[in-house]
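S.K.: Turn this into a structure:
(chains A and B)
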There are 2 protein chains.
Amino acid sequence: MNLSFWAATPQVQEQLKQLQRYLLKTIDLPDQPIHSKILKLLQSGGKFLRPGIFYLFAELGPNHDPDQLLAGASAQELLHLALKFHDQISDDKLKIPNPGHNQQRNAIYAGDYLFTRYFEEILKTAPSSSEFSDHLKAMQRILTGHLDQLQHRFDFTETVADYFAEINQRTGEAFQFSAEQGARIAGATPELVTLSAELGTTIGNAYQVSQDIQLAFNDQQNLLGSLQNGQYPLPLILSMNQPEIRQLLEKRQTLTLEDVQLIQNQLDQPTVEAQYKQLTDHIDDLLNQLPTGKAQTDLRQFVGRLL
Amino acid sequence: MNLSFWAATPQVQEQLKQLQRYLLKTIDLPDQPIHSKILKLLQSGGKFLRPGIFYLFAELGPNHDPDQLLAGASAQELLHLALKFHDQISDDKLKIPNPGHNQQRNAIYAGDYLFTRYFEEILKTAPSSSEFSDHLKAMQRILTGHLDQLQHRFDFTETVADYFAEINQRTGEAFQFSAEQGARIAGATPELVTLSAELGTTIGNAYQVSQDIQLAFNDQQNLLGSLQNGQYPLPLILSMNQPEIRQLLEKRQTLTLEDVQLIQNQLDQPTVEAQYKQLTDHIDDLLNQLPTGKAQTDLRQFVGRLL
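M.R.: Now for the predicted structure:
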C-alpha cells in the first residue's frame, strides 16, 4: 500500500494504516492458496483511494466513533478488492494454462468471499433495512456498469454520452458510495450527505477521465493492449469520427505500436481537455459549497493531488 | 424447470410455479446479453431443489406469510444460481475463444448480480443483524468448501474424512441452509429448527454421495471427464489404496474410456454402499424425530424420490 499519497493528511494516513492492519487480520482464509494473494494485494496494492475518500468525507460530520468508521472504511476497500478479483479474471490478466483454471477458480471464489466480508462490515455500521437496500442497488449499478463496458468493446458507434453513462455507473458510483457513506456514518446533515454524493460522483468521473487521458497520450504500450481489446479511452471516442483513426482501429488484434503512434498523432487534444476542464470546474464549484474548515481544505488538497 | 419431480406434493409444486414466475419477473438486467441466459436457466434448469426443500421444512411451522415464504424461497434459488454461474466458469464448461472472454466476464458479473438479488430477498425476511451475520458465515463456509474442492484436485492422498469435510461445507451447508431457513421463517420451535438444520445437512451429504455413486458406476463418459480433471467421486477415494487404480489415475489427462472401464471393474462397491447406508439410516432416524403429520410424510416421500 502506497500510503505516501496520504502524507499531506496525517490523520487519514494513520486511519488507513490502522485499516490495513485490521483487514490483514480479518481476512480469514488461512488454509487456501488464495489467502496469500489477498494479503499481498492488501500490502502492496493501491493507495487505499476509496477508504481514504471515506475518511475525508467523514470529516464533514460530528460523530467519529472509531469502530463505525473502521467498519465503513473496510467496507469500501473490501468491495473494491472483491471487484478487482473478478475484473482480473475478465481482463484476462491471469494467464492460466488449460486444463484446470485453478487460479481463475480461486480468484472467483476469493472475490465472492470478499463480498461476504464487505457485507459483514456494512452490518456493523448498523444500517436500516432501507439503507442496506440502497447498498445493494448501488452495487447493482456498479455491476451493470461493468456489464455495459463489456458490451461496448469494439463498438465504433459508442458516443460520449454512452461513455459517461458507463463510467458514471462504474467509477462514479463507487466514489459516490465512499463519499456518501463517509458523510452519512459521521452524522453529517442530509444536505451535506447529498452534496458529498455529488462530489464523489464527479471526482470519480474526473479520475476515470484523467486515467483515460494518461493512457491515450502517455502510455503507448498499455494503449496498444487496450485498443487490441476493443476498449477505447475517452480521447479515442472523441476522435472516432476521423476516418484514419477509425480505419486503424478496425485492425483490431493486429494493431501495432506504429499504428498506435499514428493514432496518437491525430487525437483531438483540445476537445479532450475541454471535457476534462468541465469536470474539474464542476468539482471546484461543489467544493466551494462545502462549509469552510478542515474538511474543505483537506478535500481540496486531495483533489489537487489526485487529478 | 422440471416440476414433475414435485407432483407428489401439489402444494409445493404450486409454490414453486409461483416462485419461478416471480424470479423471471424480478431479474432486472434487460439490456444485457446475459439476461436471456439467466432466464433460460430459470425456465429450463433443475428441479428447484433448494426452494422445494425450503417449502417442505416450512410446513413444520405455524406462520405461512406468503411474502415471507416467497422471499425465503427466492433467496435459496438465487444463491444457488449465483454460485452456478461462478462454478460454470471454474468448471471450464463455457468454452470461450481468446481474446475477450466476454462470456466469462458476463457470467462472473451475472453471478455477482444474483448475489445482490439474493441479499435483497434475505432483507425481506426481516432478519435480525445476528441472523444476517449467520447467513454471511454460511455463505463463507460454502465458498470455503468450493475452494477446498479445488485444492483436492489430483490429490491421491485425499481421505474419506477430507471428502466428507468438503462436501459437508459445500452441498451439506447449502441444503442445511434451505431446511433451517424454511423452518425458521415459518416460526417453528427452536428444537425443530435445529433438527431441520441437521436433516438438511444429512440430506445434502447423502444427495452428493448418491450423485457420486451414479457418476462412478453408471456414467462412464462424465466419469472420464471428472477423472481427467482430477476430481474423484467417493467410490474412487475409497479405492485409492488399490495400486492398479492409483496407477491408472496417474495418467491424468491421457486417461481413456478403456482405462475408465478397468477402474470401474475394480471399485469396491460394498464399502461404498455401506457408507451410503449410514447416511440414509441417519436421515431415517432424524425423520422419525419429527412430529407425526403432513410435514413428516411429505419429507419422507421427498427423501424417497431424491435418493
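
S.K.: Could you tell me which residues make contact with A:Gln301?
M.R.: By Cβ atoms under 8 Å, 6 or more residues apart in numbering or on different chains, the residues touching A:Gln301 are A:Ala8, A:Thr9. Quick note: C-beta positions are derived from backbone N, CA and C, even for glycine.

S.K.: Now A:Lys84. Nearest residue, chain neighbours left out?
M.R.: A:Leu41 (7.4 Å; Cβ to Cβ, 6 or more residues apart in numbering or on different chains).

S.K.: CA atoms of the one helix or strand that neighbour maps to as CSV?
M.R.: Assigned by DSSP states H and E, A:Leu41 belongs to helix A:33-44. Extracted in CSV, the C-alpha atoms of helix A:33-44 (Å, rounded to 0.1, in the frame of the first residue of the first chain):
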residue,chain,number,x,y,z
PRO,A,33,-3.6,-20.7,-1.6
ILE,A,34,-5.6,-17.6,-2.5
HIS,A,35,-5.1,-16.2,1.1
SER,A,36,-1.5,-15.0,0.5
LYS,A,37,-2.6,-13.3,-2.8
ILE,A,38,-5.2,-11.3,-1.0
LEU,A,39,-2.7,-10.4,1.8
LYS,A,40,-0.2,-9.4,-0.9
LEU,A,41,-2.7,-7.2,-2.6
LEU,A,42,-3.5,-5.5,0.7
GLN,A,43,0.1,-4.9,1.5
SER,A,44,1.5,-3.8,-1.8
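
S.K.: what packs against the very next helix or strand once past it?
M.R.: Remark: after helix A:33-44, the chain's next helix or strand is helix A:49-58, criterion DSSP H and E. On a contact count with 3 or more Cβ pairs under 8 Å, 6 or more residues apart in numbering or on different chains; DSSP states H and E, helix A:49-58 meets helix A:10-26, helix A:66-90, helix A:173-185, helix A:190-218, helix A:294-306.

S.K.: what comes up buried for the last one?
M.R.: Using 16 or more other Cβ atoms under 10 Å in any protein chain shown as the test for burial, helix A:294-306 gives A:Ala295, A:Gln296, A:Asp298, A:Leu299, A:Phe302, A:Val303, A:Leu306.

S.K.: ok, now which ones touch the fifth one?
M.R.: When contacts are counted by Cβ under 8 Å, 6+ apart, A:Phe302 touches A:Ala8, A:Thr9, A:Gly52, A:Ile53, A:Leu56.

S.K.: let's see 7 Å
M.R.: By Cβ atoms under 7 Å, 6 or more residues apart in numbering or on different chains, the contact set of A:Phe302 is A:Leu56.

S.K.: what does the last one give?
M.R.: The neighbourhood of A:Leu306, defined by Cβ under 7 Å, 6+ apart, consists of A:Tyr207.

S.K.: Confidence-wise, which helix or strand of chain A is lowest on average?
M.R.: Counting by mean pLDDT, DSSP states H and E, chain A has its least confident helix or strand at helix A:33-44, which shows a mean of 81.

S.K.: got the angle for that helix vs helix A:10-26?
M.R.: 170 degrees (axes from the mean of the first three to the mean of the last three Cα atoms, to 10 degrees).

S.K.: so what secondary structure elements neighbour helix A:33-44?
M.R.: Under the contact criterion of 3 or more Cβ pairs under 7 Å, 6 or more residues apart in numbering or on different chains; DSSP states H and E, helix A:33-44 touches helix A:10-26, helix A:102-124.

S.K.: Determine the next helix or strand in the C-terminal direction from the longest one.
M.R.: Meaning helix A:102-124. Once the chain leaves helix A:102-124, the next helix or strand it forms, by DSSP H and E, is helix A:129-151.

S.K.: Quick check: the closest residue to A:Gln181 other than its chain neighbours vs chain B, distance?
M.R.: Distances taken as Cβ to Cβ, 6+ apart put A:Gly72 closest to A:Gln181, at 5.4 Å, once the chain neighbours are dropped. Going from A:Gly72 to chain B by Cβ to the nearest Cβ, to the nearest Å gives 16 Å.

S.K.: Can I get the buried residues of helix A:294-306 in CSV including distance to A:Leu199?
M.R.: Below are the buried residues of helix A:294-306 laid out as CSV (distance: Cβ to Cβ, whole Å):
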residue, distance to A:Leu199
A:Ala295, 11
A:Gln296, 11
A:Asp298, 13
A:Leu299, 8
A:Phe302, 11
A:Val303, 9
A:Leu306, 12
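
S.K.: Nearest to B:Asp28, out of those: which one, please.
M.R.: Closest approach to B:Asp28 among those (Cβ to Cβ): A:Leu306, at 33.5 Å.

S.K.: what residues does chain A put near chain B?
M.R.: When proximity is defined by Cβ under 7 Å from any Cβ of the partner chain, chain A lies next to chain B at A:29, A:32, A:34, A:86, A:89-90, A:92, A:99-102, A:104-106, A:108-109, A:112-113, A:115-116, A:119-120, A:123, A:129, A:132-133, A:136, A:139-140, A:143, A:146-147, A:150, A:153, A:229, A:253.

S.K.: list the buried ones in the least confident helix or strand of chain A?
M.R.: By 16+ other Cβ under 10 Å, the buried positions in helix A:33-44 come out as A:Ile34, A:His35, A:Lys37, A:Ile38, A:Leu41, A:Leu42.

S.K.: relative to helix A:102-124, how tilted is that helix?
M.R.: 60 degrees.

S.K.: Please enumerate residues in contact with helix A:33-44?
M.R.: Helix A:33-44 is contacted from outside by A:Met1, A:Gln20, A:Leu23, A:Leu24, A:Ile27, A:Leu29, A:Leu81, A:Asn106, A:Ala107, A:Ala110, B:Leu147, using Cβ under 7 Å, 6+ apart.

S.K.: Name the residue of the stretch 101-250 of chain A that lies nearest to chain B.
M.R.: Nearest residue of the stretch 101-250 of chain A to chain B: A:Arg105, at 3.5 Å (Cβ to the nearest Cβ).

S.K.: shouldn't that residue be in contact with B:Leu150?
M.R.: Yes. With contact defined as Cβ atoms under 7 Å, A:Arg105 counts as touching B:Leu150 (5.2 Å).

S.K.: Which of these two has more residues huddled nearby?
M.R.: Higher neighbour count among A:Arg105 and B:Leu150: A:Arg105, with 24 against 20, using other Cβ atoms under 10 Å in any protein chain shown.

S.K.: Could I get the phi/psi values of A:Ala126?
M.R.: Here is the backbone geometry of A:Ala126 (degrees, to the nearest 10): phi 50, psi 60.

S.K.: and the gap between the nearest residue to it once chain neighbours are set aside and A:Leu123?
M.R.: With Cβ to Cβ, 6+ apart as the criterion, A:Ala126 has its nearest non-adjacent residue at 7.3 Å, and that residue is B:Ser129. Relative to A:Leu123, B:Ser129 is positioned 6 Å away (Cβ to Cβ, to the nearest Å).

S.K.: Could you check which of these two is surrounded by more residues?
M.R.: Neighbours per residue (other Cβ under 10 Å) separate B:Ser129 from A:Leu123, with A:Leu123 holding more: 18 against 11.

S.K.: who are the neighbours in contact with the more buried one?
M.R.: Counting by Cβ under 7 Å, 6+ apart, A:Leu123 touches B:Ser129, B:Phe132, B:Ser133.

S.K.: Let me know the pLDDT of it.
M.R.: Per-residue confidence (pLDDT) for A:Leu123: 91.

S.K.: Only C-alpha atoms, please: export stretch A:22-32 in PDB.
M.R.: The C-alpha coordinates for stretch A:22-32 follow below in PDB (Å, rounded to 0.1, in the frame of the first residue of the first chain):
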ATOM      1  CA  TYR A  22      -7.400  -4.600  10.600                       C
ATOM      2  CA  LEU A  23      -8.000  -6.100   7.100                       C
ATOM      3  CA  LEU A  24      -4.800  -8.200   7.200                       C
ATOM      4  CA  LYS A  25      -6.000  -9.700  10.500                       C
ATOM      5  CA  THR A  26      -9.600 -10.400   9.500                       C
ATOM      6  CA  ILE A  27      -9.300 -12.000   6.000                       C
ATOM      7  CA  ASP A  28     -10.000 -15.500   7.200                       C
ATOM      8  CA  LEU A  29      -8.900 -18.000   4.500                       C
ATOM      9  CA  PRO A  30      -5.700 -19.200   6.100                       C
ATOM     10  CA  ASP A  31      -5.600 -22.700   4.500                       C
ATOM     11  CA  GLN A  32      -6.300 -21.500   1.000                       C
END
